[in-house]
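*Asks:* with the sequence up front, the predicted model follows.
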Amino acid sequence: MNISNIADIIVILILFAGLLWGAKSGLVKMLTRVVYSVASFGASLLLYPIISKFIRNTPIFTLLKEKLITTLGLETAINSYTKQQEVGVINSLNLPDILKSKLLENNNSVIYDLVNADSLVDYIAGFMANMIINLVLVWLLFAIFLILLKIILSGIELIAKLPVINGVNRIGGAIAGVVLSTIIIWICFAVVYIFIAEPAIYNLYGYIESSTLASTLYNNNVLLDLILERLFR
């Protein structure tokens, strides 16, 4: 079986599991969980740029840049390129097209200052290091806020015990379960980006890109788009 088909099968199984989970839990509980997830992600989006800005001025950021220069095979690159050569270097990287586009879009003096870069190689490593740190922070904060919200708002799930029309509750829960499963898939795909500079992970991206349903969800990842749009805020 083609590995891209396996990617689609995994996605379908996750969505189907979410449908069954939602049907069993009911509409109120599943909507509450969706609200937990959306609110937690929103809160993490607001907070992570502050922490990320602090980390960019620590040795952690420098060490990560050095590691990425090696991982991306840029240790032998020269320090000075023409603009046309810079485009060629970025397009030659084993990275998803969306990241290449972001690298080209942000290749300017303002971003160089933000990532403490003095050359194209340093900029590429700084951009990737900043992205990885931001992604780690987003999902770490997301998990923390999710736990806190669940503790604070756990009483809301008691509403699910009120007498409701069973069929409506189950169908609504199934739909909410598919929505929540989609969010979980988006989270998993976004987490992959933390390690996207690793050749093995990039190969995994290639398999997903050649699939049908998995690639559709991957390329329309609302959560990842929101994070990538806020890399330097």
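*Replies:* Received it, and whenever you're ready, just let me know what you need.
*Asks:* what about residue 184, how many neighbours?
*Replies:* Counted by other Cβ atoms under 10 Å, the residues lying close to residue 184 total 15. Bear in mind the C-beta positions are built from the backbone N, C-alpha and C, glycine included.
*Asks:* does it belong to a helix or a strand, and which?
*Replies:* Using DSSP states H and E, residue 184 sits within helix 166-192.
*Asks:* quick check: buried residues in that helix?
*Replies:* For helix 166-192, burial by neighbour count (16 or more other Cβ atoms under 10 Å) applies to 169-170, 172-183, 185-187, 189-190, 192.
*Asks:* before we move on, what about stretch 68-88?
*Replies:* 68-69, 71-72, 74, 81, 86.
*Asks:* relative to residue 102, how far out is residue 26?
*Replies:* As for residue 26, its distance to residue 102 is 41 Å (criterion: Cβ to Cβ, to the nearest Å).
*Asks:* compare neighbour counts for these two and give me the winner.
*Replies:* Relative neighbour count places residue 26 above the other of residue 26 and residue 102, with 24 against 19, counting by other Cβ under 10 Å.
*Asks:* what does the model give the more buried one for pLDDT?
*Replies:* The predicted local confidence for residue 26 comes out at a pLDDT of 70.
*Asks:* which residues of the protein fall in helices?
*Replies:* With DSSP state H as the criterion, the chain has helices at 3-25, 27-55, 59-71, 83-91, 97-105, 109-114, 120-152, 166-192, 199-209, 213-219, 222-228.
*Asks:* residue 116 touches residue 55, doesn't it?
*Replies:* No. When contacts are counted by Cβ atoms under 8 Å, residue 116 is not listed as touching residue 55 (11.9 Å).
*Asks:* where in the chain is pLDDT low?
*Replies:* Applying pLDDT under 70 to the chain flags the ranges 1-4, 27-28, 78-80, 152-170, 173, 233.
*Asks:* report the central residue of it.
*Replies:* residue 190 (2.3 Å; Cα atoms, centre = their mean).
*Asks:* show me the contacts for the spatially closest residue to that residue that is not a sequence neighbour.
*Replies:* Excluding its sequence neighbours, the residue lying closest to residue 190 (Cβ to Cβ, 6 or more residues apart in numbering) is residue 224, at 4.4 Å. Neighbouring residues of residue 224 by Cβ atoms under 8 Å, 6 or more residues apart in numbering: 186, 189-190, 193.
*Asks:* residues near the closest residue to residue 227 other than its chain neighbours, how many?
*Replies:* Using Cβ to Cβ, 6+ apart and skipping residues adjacent in sequence, the residue nearest residue 227 is residue 138, 5.7 Å away. Other residues lying near residue 138 total 26 when counted by other Cβ under 10 Å.
*Asks:* before I go, just wanted to say thanks for your time.
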